[in-house]
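J.: Return a 3D structure for these sequence lines:
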Amino acid sequence: MLYRRRVLQLGASALAFNALGVGAQAGDTAKKAQSIIYRAIPSSGEQLPVIGMGTSRTFDKPADPETLAKLTAVMRAFTEGNGTVIDSSPMYGQAESRVGDVLSRMQPRPPIFAATKVWTTGREQGIAQMQESARRMQVERFDLIAVHNLQDWETHLKTLREWKEQGKMRYIGITTSHGRDHEEFTRVMRNEPLDFVQFSYNIEDRSAEETLLPLAQDRGIATMINRPYQRGSLFGRTRGHALPALAADLDCASWGQFFLKFILGHPAVTSVIPASSKVHHMQDNMGANSGHVPDAQQRAEMLRIFESL
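T.: Residues are numbered from 1 along each chain as shown. The predicted structure follows:
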C-alpha cells in the first residue's frame, strides 16, 4: 500500500490522534470493545466480527525467525482487535503455511474462523489439496472452504457437500477475483445451495452492487469482500487530503477505516478481509471492527467525498 503510511498520518492529524492515526483506537479499546460490529451468516445465524484478514501476498513469506516474529505480531494485532476470520488459499504461495506457523507460536492459540479454497481440477486432486491445506494451516477442520474462481466447481461442490454432511468442514462457498466470471458466478449463486461467496468490492469498484450483493441478500448467502483498498490504489486518491468531518461521526481515525466503513454500510456485506503484513496497518484495519456503521445517506456522502478527491 504505497501511500498508506502517509495517509494514516494525515488522517490522524485531522482528527487530533497520534502520528499514525491508530493511537486513539488503542486508547479507546475498552469503550469500543462494547460496540464490536458483528454480522450473521444467513445459513446458520452464527455471528462473525466484520473485519477479517486476507493473506494473499502478505503471508506468502519465508519461514525464517525474523519473518515469523513479524507475522506473529501482525496476527496478535488482528486477534487483539477481535478478529477471527482468516482467509487463505493454496494459490497464495506459502501463506497457508505461515498462518499455521504463526498460530502455533501463539499460546494459548486464539480462536479463529479458518477459511481456505480449493483451486485445482479433479475430485481426488481437490481432496488432496484440501487435506494439504489443513496440514499447512494446522487446523483439524476448516470453517469454510470455497471453490476458487469456480475452477471445476461442479466437482468440488459435490465433494464439499459430502464433507459438510460428514462434519469435516462447516460452510461451503465460491469465489471470483477482480470482477471476472460474474455471469457464471451469478448462475451458480442462483442454482446451488451456498453458505458464502467472495468477490471484490470497494468504494471505487462498486460493480458488485449491480447483481452480486443484491443476489446474495436475496438468496441468504454470506459475503466475504476482498480488495477493499483496490490493491492500495485508493490511498493514492486520498494523498494530501485530510479526513472529512463525517469520519468522526463514523468513528474513523484514518482513510483506511473510512473505506472499510463504506463497505460495511452495505447490508449484504458479512465480512471484509483486508490484508496486511505490518502491525500498524493491521491495528488500523481493526479500528473499523467497531463503532458506527454508515446509513444509506452517509454512504452517499462518503461516495461524493471520495469522487471529489
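J.: just the strands in the stretch 151-300 of the chain please.
T.: Along the stretch 151-300 of the chain, the segments classed as strands by DSSP state E, counting those that start in this stretch run 169-175, 196-200, 222-226, 271-272.
J.: so what secondary structure elements neighbour the second one?
T.: So that's strand 196-200. With contacts defined as 3 or more CB pairs under 8 Å, 6 or more residues apart in numbering; DSSP states H and E, the packing partners of strand 196-200 are strand 142-147, strand 169-175, helix 182-191, helix 212-219, strand 222-226. Every C-beta, even on glycine, is put in place using the N, C-alpha and C of the backbone.
J.: Let's see that with 6 Å instead.
T.: strand 169-175, strand 222-226 (3 or more CB pairs under 6 Å, 6 or more residues apart in numbering; DSSP states H and E).
J.: Tell me which of the strands of the stretch 151-300 of the chain sits nearest to residue 80.
T.: With CB to CB, the closest approach to residue 80 among these belongs to strand 271-272: 18.1 Å.
J.: mind checking how far the closest one is from the chain centre?
T.: Centroid separation for strand 271-272 versus its chain: 4 Å, with CA atoms, centre = their mean, to the nearest Å.
J.: So which residues make contact with it?
T.: The contact list for strand 271-272, computed with CB atoms under 6 Å, 6 or more residues apart in numbering, reads 48, 50, 51, 52, 85, 224, 225, 228, 260, 263.
J.: if you set the cut-off to 7 Å instead, what comes out?
T.: Contacting residues not belonging to strand 271-272 are listed as 39, 48, 50, 51, 52, 85, 224, 225, 228, 260, 263, 264 [CB atoms under 7 Å, 6 or more residues apart in numbering].
J.: that older thread, any idea which of the helices and strands packed on strand 196-200 is most buried?
T.: strand 222-226 (a mean of 25; mean count of other CB atoms under 10 Å).
J.: Using neighbour counts, pick out the buried residues of stretch 240-257.
T.: Neighbour-count burial for stretch 240-257 flags 241, 243-244, 246-247, 250-257 (criterion: 16 or more other CB atoms under 10 Å).
J.: May I have that stretch exported as PDB, CA atoms only?
T.: Output of stretch 240-257 as PDB, limited to C-alpha atoms (Å, rounded to 0.1, in the frame of the first residue of the first chain):
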ATOM      1  CA  GLY A 240      -2.700  15.100   0.700                       C
ATOM      2  CA  HIS A 241      -6.300  15.200   1.800                       C
ATOM      3  CA  ALA A 242      -7.400  15.400   5.400                       C
ATOM      4  CA  LEU A 243     -10.200  13.300   6.600                       C
ATOM      5  CA  PRO A 244     -13.700  14.800   6.300                       C
ATOM      6  CA  ALA A 245     -15.800  15.700   9.300                       C
ATOM      7  CA  LEU A 246     -18.100  12.800   8.500                       C
ATOM      8  CA  ALA A 247     -15.200  10.400   9.500                       C
ATOM      9  CA  ALA A 248     -15.600  11.400  13.200                       C
ATOM     10  CA  ASP A 249     -19.300  10.600  13.100                       C
ATOM     11  CA  LEU A 250     -18.400   7.100  11.900                       C
ATOM     12  CA  ASP A 251     -15.500   6.500  14.400                       C
ATOM     13  CA  CYS A 252     -13.000   6.500  11.600                       C
ATOM     14  CA  ALA A 253      -9.400   7.600  12.500                       C
ATOM     15  CA  SER A 254      -8.000   7.100   9.000                       C
ATOM     16  CA  TRP A 255      -8.900   6.800   5.400                       C
ATOM     17  CA  GLY A 256      -8.400   3.100   5.600                       C
ATOM     18  CA  GLN A 257     -11.200   2.900   8.200                       C
END
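J.: Just confirm residue 54 contacts residue 273, I think it does.
T.: Yes: with contacts counted by CB atoms under 7 Å, residue 54 reaches residue 273, the gap being 4.0 Å.
J.: just for the stretch 51-200 of the chain, where's the confidence low?
T.: Confidence mapping of the stretch 51-200 of the chain against pLDDT under 70 gives the ranges 178-181.
J.: ranges for the helices of it?
T.: Taking DSSP state H, counting those that start in this stretch as the test, the helices found in the stretch 51-200 of the chain are 65-80, 95-105, 123-137, 153-165, 182-191.
J.: As a markdown table, those helices with distance to residue 113 would be great.
T.: Listed next are those as a markdown table, based on distance: least, CB to CB, whole Å:
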| stretch | distance to residue 113 |
| --- | --- |
| helix 65-80 | 11 |
| helix 95-105 | 12 |
| helix 123-137 | 12 |
| helix 153-165 | 15 |
| helix 182-191 | 21 |
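J.: winner for burial among those?
T.: Highest mean neighbour count among those (mean count of other CB under 10 Å): helix 95-105, with a mean of 22.
J.: hmm, who's touching that helix?
T.: For helix 95-105, the surrounding residues in contact (CB under 7 Å, 6+ apart) are 55-56, 59-61, 63, 68, 71-72, 75, 86, 88, 90, 109, 116, 133, 136-138.
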